[in-house]
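>>> Make a model of this:
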Amino acid sequence: MGLMLALLLSLQDPKLSGPQPGEKTAGFKVFDVGSRQEVDYIADAKGAPVVLVFIHDLSRPAAALMRSLDRFGRVKEARGLRTQFVSLSEDRDGAERHLPQVIKSLSLKCPMGISLDGKEGPGAYGLNREVMLTILVAKDNKVSANFAIVSPNETDAPKIKEAINETLAAAAAAVPGTPEERRLREELAAAREEIVALKIQLEEQAEVPARRAEMNRAREDEALVNQCRRLIQRAATQEQLDAAVKDIEAYIANNDALRKQYVAILGRILDLKYGNDLGQAEMRRQLEKHGK
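Residues are numbered from 1 along each chain as shown. Just a heads-up that it's a prediction; the model follows:
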């Protein structure tokens, strides 16, 4: 029976990453980008419901999911939820430099920390580097839901939010009190959620003109943008990157406007950590060369 179960699981090809439901969330240290201090998100939560988003790699779909969870997490703070992002990087100094720009570009408001355990993350967590995001929902220092996401898509956010709501409901049910007290707590939490949601909506509406102006300023050459996409392919080899750089440099030639666009694109995609290690190294060389 055990062999048959293992065979069935292997056929499903699950990607496991991090502690599974029912397992404990051990404390670990991060460098918090906002406070610029070393903290332990788990210890600080003291058993309260938490969402931990471990960032193994970042892509546009991953960024969209992170924004969605950030917004949802801010609303659910009214019910005691803590949402925290943890960047996994071998280069802490580099992460400290570029993460503030990432936070700004994604409009993240929930805390972001850099794991002090490097690319592998906390040793007790057994994180899988083959996935893009590992998302844990927990309460009472115990995992209630685990999402190991290889390639984020539009179906992920609803499933994660549902798991968060179930965890928050379980946490609320565990608080002692009469039915009337529970009803009042629920009404107060719901009212606070509405206020925060309205505040976020107003903030986003206020940002629209600024974003539109930025988009107008950033009308980039479509052919150049398409060429640059070759630099951020996760499976790109050095040979492929060399060919892409050769084509790009031939395209921009002595055109100062295209060169400025190229420098801006390189800076943006480096800030967002797009591409693999080879691609990021090549883009840094190109930025140093053409940024001058």
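
>>> Going by C-alpha atoms from here, please, whenever you check contacts or count neighbours.
Fine.

>>> Averaged pLDDT, stretch 122-138. What do you get?
In this model, stretch 122-138 has a mean pLDDT of 95.

>>> who's in contact with that stretch?
Stretch 122-138 has contacts (CA atoms under 8 Å, 6 or more residues apart in numbering) with 15-19, 25-26, 28, 49-58, 62, 115-117, 120-121, 143-152, 163-164, 167.

>>> Apply 6 Å and report the result again.
Stretch 122-138 is contacted by residues 17-19, 49-57, 143-150 when judged by CA atoms under 6 Å, 6 or more residues apart in numbering.

>>> Can you measure across it, start residue to end residue?
Taking CA to CA, to the nearest Å as the measure, stretch 122-138 stretches 16 Å from start to finish.

>>> change the start of the numbering to 45 and stick with it
Sounds good: first residue 45 from here, last item stretch 166-182.

>>> List the buried residues of it.
For stretch 166-182, the neighbour count (16 or more other CA atoms under 10 Å) marks 166, 169, 171-173, 175-182 as buried.

>>> where does stretch 271-282 sit relative to the chain's centre, distance-wise?
Its chain's C-alpha centre and that of stretch 271-282 lie 21 Å apart, by CA atoms, centre = their mean, to the nearest Å.

>>> mind listing what's buried in that stretch?
By neighbour count with 16+ other CA under 10 Å, stretch 271-282 contains the buried residues 272, 274-276, 280.

>>> domain assignment for the protein?
46-218, 219-261, 266-335 (automatic domain parsing).

>>> and the ones you listed, which is most packed in?
With neighbours taken as mean count of other CA atoms under 10 Å, the domains of the chain reach their highest mean count in domain 46-218, at a mean of 18.

>>> Now for the buried residues of stretch 166-182: which two are most distant?
R173 and A182 (21.1 Å; CA to CA).

>>> if we can go back for a sec, just the ones in strands from the buried residues of stretch 166-182, please.
177-182 (DSSP state E).

>>> and of the residues you listed, the nearest to D135?
L177 (18.4 Å).

>>> if we can go back for a sec, which of the domains of the chain has the lowest mean pLDDT?
Among these, domain 219-261 scores lowest, at a mean of 80.

>>> next one: it to chain centre, how far?
21 Å.

>>> Not including adjacent chain positions, what is the nearest residue to N190?
Closest residue to N190 in three dimensions, ignoring its sequence neighbours and counting by CA to CA, 6 or more residues apart in numbering: L180, at 4.8 Å.

>>> what sits opposite the one you found in the beta ladder?
L96, N190 (DSSP bridges).

>>> where along this structure do the helices fall?
46-56, 85-89, 104-120, 136-150, 200-217, 223-261, 266-272, 282-296, 300-315, 321-335 (DSSP state H).

>>> what's the offset of the second one from the middle of its chain?
The offset between the C-alpha centroid of helix 85-89 and the centroid of the whole chain comes to 19 Å, using CA atoms, centre = their mean.

>>> Kindly report the same for the fifth one.
Here helix 200-217 shows a centroid-to-chain-centroid distance of 19 Å under the convention CA atoms, centre = their mean.

>>> With only the CA atoms kept, save it in PDB.
Presented in PDB, the C-alpha positions along helix 200-217 are these (Å, rounded to 0.1, in the frame of the first residue of the first chain):
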ATOM      1  CA  ASP A 200      -3.700  30.900  -7.000                       C
ATOM      2  CA  ALA A 201      -4.900  34.000  -5.100                       C
ATOM      3  CA  PRO A 202      -8.500  32.700  -4.500                       C
ATOM      4  CA  LYS A 203      -7.300  29.400  -3.100                       C
ATOM      5  CA  ILE A 204      -4.800  31.200  -0.800                       C
ATOM      6  CA  LYS A 205      -7.400  33.700   0.400                       C
ATOM      7  CA  GLU A 206      -9.800  31.000   1.100                       C
ATOM      8  CA  ALA A 207      -7.200  29.200   3.300                       C
ATOM      9  CA  ILE A 208      -6.500  32.500   5.100                       C
ATOM     10  CA  ASN A 209     -10.200  33.100   5.800                       C
ATOM     11  CA  GLU A 210     -10.600  29.500   7.200                       C
ATOM     12  CA  THR A 211      -7.600  30.000   9.500                       C
ATOM     13  CA  LEU A 212      -8.900  33.300  10.700                       C
ATOM     14  CA  ALA A 213     -12.300  31.800  11.300                       C
ATOM     15  CA  ALA A 214     -10.700  29.000  13.400                       C
ATOM     16  CA  ALA A 215      -8.700  31.500  15.300                       C
ATOM     17  CA  ALA A 216     -11.800  33.600  16.100                       C
ATOM     18  CA  ALA A 217     -13.800  30.500  17.200                       C
END
